[in-house]
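# Got a sequence here, can you build the structure:
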Amino acid sequence: MIVTCLDMEGVLVPEIWINVAQRTGIDELRLTTRDISDYHELMKHRLRLLDEHQITLSAIQEVIAAMGPYPDAPDFLAWLRERSQVIVLSDTFYEFASPLVKQLHHATLFCHSLEVENDRITGYRLRQEDSKREAVKALQQLNFKVISAGDSYNDTNMLTQADAGILINPPANVVEEFPQFPVVNSLGELRAAIEPLLESLAQ
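I've put the predicted structure just below:
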C-alpha cells in the first residue's frame, strides 16, 4: 500500500503568511521556510511582528478564508486519492488551515497548534519536532511505501525519508542545495511524476 504525503502551502494552497503580509502591509511577514530554514527562528520573527502590529487571530483567519486553494488542487487530490492514501503534512496550524481544508474536501491534515489568549497569538505547539519526516518514518514502519512532495527547506527531510521525493515549484536555492530530487513546476507535472512511481512502488 502506498501513502502520498504532500506539503500544503505552496503545493495545494498559496502561502498563508504572504497573503497576510499583503493584506496587512507588513512586508517582513513575507518570509517563509523558503527563506529561513530554521522553523523556530521563523516563527519567533512572525510572532514578534504580530505582537508589534497587534494583529489578531481572527484578522488572519479572515485573510485565509478569502484565499482558497489553487484552482487545480481539488481535482488533483481527487485523482490522487483514487490511487493512494493521501496525507497533507504541514507546518501550518489547525487554527489557520480549517477553511482551506474544507475547500480541499476535508483532506487529512497533520499540522501544529497555536496558543491564543484574547484573540492574540501568544505562542505555538509543535505536534512533534521534525514532524514531517517523523510522520513518513512512522508510515514506513507500518509497511507503507511513501511518496512525498513539497517546495521548501522544511520539506527536504520528509523527501529524503520517503521512498520517493519530489520538489514542486521550489526556489532556486533549495534546488541548488538538494539536487538529488526531481523538480516539477505545477500540479499537472506532479501528477505525471507520481503516476509511474505509484506503479513501481506497488510492485
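
# All the helices of the protein, residue numbers only.
Counting by DSSP state H, the chain has helices at residues 16-24, 39-52, 57-65, 73-81, 94-103, 131-141, 156-161, 172-177, 187-202.

# For those, could you give me TSV that also reports distance to residue 87, mean neighbour count and mean pLDDT?
For glycine as for every other residue, the C-beta is placed from the backbone atoms N, C-alpha and C. Output for those, formatted as TSV (distance: least, CB to CB, whole Å; neighbours: other CB atoms under 10 Å; pLDDT from 0 to 100):
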stretch	distance to residue 87	mean neighbour count	mean pLDDT
helix 16-24	19	19	91
helix 39-52	19	16	92
helix 57-65	21	16	91
helix 73-81	11	17	96
helix 94-103	12	18	90
helix 131-141	7	18	97
helix 156-161	11	21	97
helix 172-177	22	12	92
helix 187-202	14	15	96
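
# Just give me the neighbour total for residue 118.
A count of neighbours around residue 118, defined by other CB atoms under 10 Å, yields 7.

# hmm, back to that, who wins for proximity to residue 117 among the helices of the chain?
Proximity to residue 117, assessed across these by CB to CB, is greatest for helix 57-65 (9.8 Å).

# how big is the angle separating the closest one from helix 39-52?
110 degrees (axes from the mean of the first three to the mean of the last three CA atoms, to 10 degrees).

# Contacts for helix 57-65, please.
16, 19-20, 23-24, 95-97, 99-100, 114, 116, 119-121 (CB atoms under 8 Å, 6 or more residues apart in numbering).

# so which two of those are the farthest from each other?
100 and 120 (22.0 Å).
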